[in-house]
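>>> with the sequence up front, the predicted model follows.
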Amino acid sequence: LQIPCAPSQPMPGSESRRFTSKHSKKALKASLTLGILLGMFFVAWLPFFITNVTQAVCGCVPAGFFDVLTWLGYCNSTMNPIIYPLFMRDFKRAMGKFLPCCWRSGESRPSAISLSMRNSNSGACAATSLKNVL
């Protein structure tokens with residue numbers, strides 16, 4: 001005999017399906033972010049490296065063109081802080097906590113002492129002694 005499950009009870013395995021679905025969404029988003037970052041890196045730096053090798057072999061690349069490609073690579077580094085907050089909510093929250101331009105007036109801003117204590121492995125004793133020193 002099989003006893004049907006009551007509608008209020010979750011089906012066996014539904015929790016694992018929900019977890020898998022949530023996990024797969026996070027993995028897909030992380031893969032998308034990584035793909036965009038790597039794509040931007042290759043678009044920005046591959047022409048520079050190809051031109052650099054060409055310059056070493058034949059010496060036929062104009063200096064101005066080489067400079068433009070170098071700056072294109074540098075621009076890739078400026079794009080990373082823009083791409084990360086667009087696709088990563090945790091990164092956006094962390095930046096919002098510590099940047100003055102993103103700080104909300106209703107939230108308490110952490111002090112430099114609490115930030116350094118949080119990032120170190122020191123305990124509460126070190127925090128009180130550091131406050132006494134300052």
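Looks like it came in fine.
>>> what about residue 69, how many residues close to it?
20 (other Cβ atoms under 10 Å). C-betas here are computed from N, CA, C, even on glycine.
>>> tell me who's in contact with the closest residue to it other than its chain neighbours.
Leaving out its chain neighbours, the residue that sits closest to residue 69 by Cβ to Cβ, 6 or more residues apart in numbering is residue 48, at 4.3 Å. Taking Cβ atoms under 8 Å, 6 or more residues apart in numbering, we find residue 48 in contact with 69, 70, 72, 73.
>>> tabulate these in CSV, adding columns for pLDDT.
Listed next are the contacts of residue 48 as CSV, based on pLDDT from 0 to 100:
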residue, pLDDT
69, 93
70, 92
72, 92
73, 91
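>>> show only the entries of those residues found in helices.
Among those, DSSP state H puts 69, 70, 72, 73 in helices.
>>> closest to residue 54 out of the residues you listed?
residue 69 (10.7 Å; Cβ to Cβ).
>>> in what helix or strand does the residue nearest to residue 69 lie?
Assessed by DSSP states H and E, residue 48 sits inside helix 14-58.
>>> same question, residue 65
helix 63-87.
>>> where does pLDDT dip in this protein?
1-19, 102-134 (pLDDT under 70).
>>> ok, now with 80
Filtered on pLDDT under 80, the chain yields the residue ranges 1-23, 81, 84-92, 95-96, 98-134.
>>> got the phi and psi for residue 99?
Backbone torsions of residue 99, given as degrees, to the nearest 10, read phi -90, psi 130.
>>> so how far is residue 81 from it?
10 Å (Cβ to Cβ, to the nearest Å).
>>> same question, residue 74
In this view, residue 74 and residue 81 are 13 Å apart by Cβ to Cβ.
>>> coming back round to it: mind giving me the packing neighbours of the helix holding residue 65?
Under the contact definition 3 or more Cβ pairs under 8 Å, 6 or more residues apart in numbering; DSSP states H and E, helix 63-87 sits against helix 14-58, helix 89-98.
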